[in-house]
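Asks: 3D model of this:
(one chain, ligands or ions: 1)
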Amino acid sequence: MQYTLVTGACGGLGGAFCDVLAERKEPLFLTGRSEKRLAALAEKLKSSHEGLEVAFRACDLRSEEDRLAFFNYADEMGASFFRLIYVAGVDTQMAFEKYDENKLLLQTRVNLEGAVSFINAFLKRAPLDGKTEILAVGSMSASTPMPYFALYSATKKGLEYFMSALHTELKGRAKVTCVLPGGIPTREDIRRNIEEHGFWGKISQKSPRAVAEASLKAVHKNRRKKVIGFWNKVIKFTTDVAPMSVKSRFIAKRWSHTEKDHFSE
Ligand SMILES: NC(=O)c1ccc[n+]([C@@H]2O[C@H](COP(=O)([O-])OP(=O)(O)OC[C@H]3O[C@@H](n4cnc5c(N)ncnc54)[C@H](OP(=O)(O)O)[C@@H]3O)[C@@H](O)[C@H]2O)c1
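Replies: As a prediction, this is how the structure comes out:
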């Protein structure tokens with residue numbers, strides 16, 4: 001059985017990817033941190049899409065042992081993958097001085113180490129016949145260094161650069177795309193955060209479903225990188241041409257007033 005492997009499947013955006021692919025009757029292999037939530041999601045998808053094939057296995061993406069165990073489990077059940085959607089991400093937003101070691105390792109490992117490790121393991125199991133797809137969810141926050149969102153912005157930039165290089169390395173064998181969404185109202189703290197950013201938050205946001213659909217289209221077309229949404233393209237262009245000192249001051253002023261710390265353990 002050839003599956004689409006979705007990390008962060010139980011999250012807001014991951015759930016939207018699962019819904020879109022389930023409607024297309026594409027076999028899904030889900031992962032996230034909680035076996036119980038994965039089982040509930042698999043059940044929900046199967047009961048609303050008759051005949052849909054759904055497998056799952058919990059994996060803490062920051063753990064090397066968990067990542068190895070995940071792929072051993074998939075190998076033992078004879079699963080193979082033709083598409084990887086790396087959605088998992090930790091979006092802690094606060095002054096860097098407030099981080100402790102656990103918090104910074106969690107964010108770095110899930111956003112970057114987990115992604116490159118999963119992609120490497122995926123490549124060893126994928127057909128690489130030109131139709132294989134690898135999609136990673138980056139962020140508009142990687143468009144420029146972001147004071148008060150510094151580590152998130154840096155890990156997403158790292159992911160974007162890695163994906164861009166891989167896009168060239170795997171040309172003709174796999175489609176490799178990194179998408180850069182703006183705000184996606186998936187959790188209560190994110191919805192509040194988008195509201196706090198007023199006009200800019202409003203024009204930058206897209207629904208989880210819209211982001212999932214645009215992302216799948218982008219990887220199907222083998223786009224190296226895709227900024228999601230017209231206004232985000234405008235914001236990205238403006239950010240690219242603005243002097244670093246001006247944009248850093250602008251961001252520091254706005255972002256120092258808001259915090260997000262959803263993944264606290
Ligand atoms: N929402 C936005 O405004 C926005 C904007 C741009 C980019 N993004 C990116 O979009 C992606 C999805 O975000 P979202 O808004 O859907 O947030 P979300 O609902 O909180 O989803 C984040 C997902 O990451 C998973 N995750 C976190 N730590 C993990 C770990 N140690 N091991 C395994 N999985 C872990 C979570 O798994 P559990 O289900 O087990 O908790 C969750 O499913 C992230 O990469 C985020 O950076 C979001």
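Asks: Figure out how far the worst-scoring helix or strand of the chain on mean pLDDT is from the centre of its chain.
Replies: One helix or strand of the chain scores below all others by mean pLDDT, DSSP states H and E: helix 198-204, with a mean of 90. Helix 198-204 sits 21 Å away from the centroid of its parent chain (CA atoms, centre = their mean, to the nearest Å).
Asks: Can you list the buried residues in that helix?
Replies: Buried positions in helix 198-204, judged by neighbour count with 16 or more other CB atoms under 10 Å: Gly201, Ile203, Ser204. Glycine gets a C-beta too; all of them are placed from N, C-alpha and C.
Asks: how about the residues of the stretch 1-150 of the chain that lie near the ligand?
Replies: Residues of the stretch 1-150 of the chain lying close to the ligand by CB under 6 Å from any ligand atom are 8, 10-14, 32-34, 60-62, 87-91, 110, 137, 139.
Asks: Just the buried ones from those residues?
Replies: 8, 10-14, 32-33, 60-62, 87-91, 110, 137, 139.
Asks: was I right about Ala88 contacting Leu112?
Replies: No. Applying CB atoms under 8 Å, one finds Ala88 not in contact with Leu112, separated by 11.1 Å.
Asks: How about the contacts made by Glu23?
Replies: By CB atoms under 8 Å, 6 or more residues apart in numbering, the contact set of Glu23 is His49.
Asks: pretty sure Arg125 contacts Phe81?
Replies: Yes. The pair Arg125 and Phe81 qualifies as a contact (CB under 8 Å) at a distance of 5.7 Å.
Asks: Compute the first-to-last residue distance for stretch 12-31.
Replies: Using CA to CA, to the nearest Å, one end of stretch 12-31 lies 14 Å from the other.
Asks: Can you give me the distance of Ser254 to Lys247?
Replies: Quick fix: residue 254 reads Arg, not Ser. Distance from Arg254 to Lys247, counting by CB to CB, to the nearest Å: 11 Å.
Asks: just checking, which of the residues of the stretch 1-150 of the chain next to the ligand belong to strands?
Replies: Val137 (DSSP state E).
Asks: just to revisit the earlier point, compare Arg125 and Phe81 and say which is more crowded by neighbours.
Replies: Higher neighbour count among Arg125 and Phe81: Phe81, with 23 against 16, using other CB atoms under 10 Å.
Asks: Pretty sure that one sits in a helix.
Replies: No. Read with DSSP: H, G, I helix; E, B strand; the rest coil, Phe81 is strand and lies in no helix.
Asks: for the stretch 1-150 of the chain, what spans make up the helices?
Replies: In the stretch 1-150 of the chain, the segments counted as helices under DSSP state H, counting those that start in this stretch are 12-23, 35-48, 64-76, 101-108, 114-123, 150-169.
Asks: Just want the angle from the third one to helix 114-123.
Replies: When you say that, I think you mean helix 64-76. Here the directions of helix 64-76 and helix 114-123 differ by 20 degrees (axes from the mean of the first three to the mean of the last three CA atoms, to 10 degrees).
Asks: what do you get for the longest one?
Replies: For helix 150-169 against helix 114-123, the angle by the same axes, to 10 degrees is 20 degrees.
Asks: what do you get for the fourth one?
Replies: Helix 101-108 and helix 114-123 are oriented at 40 degrees to each other (the same axes, to 10 degrees).
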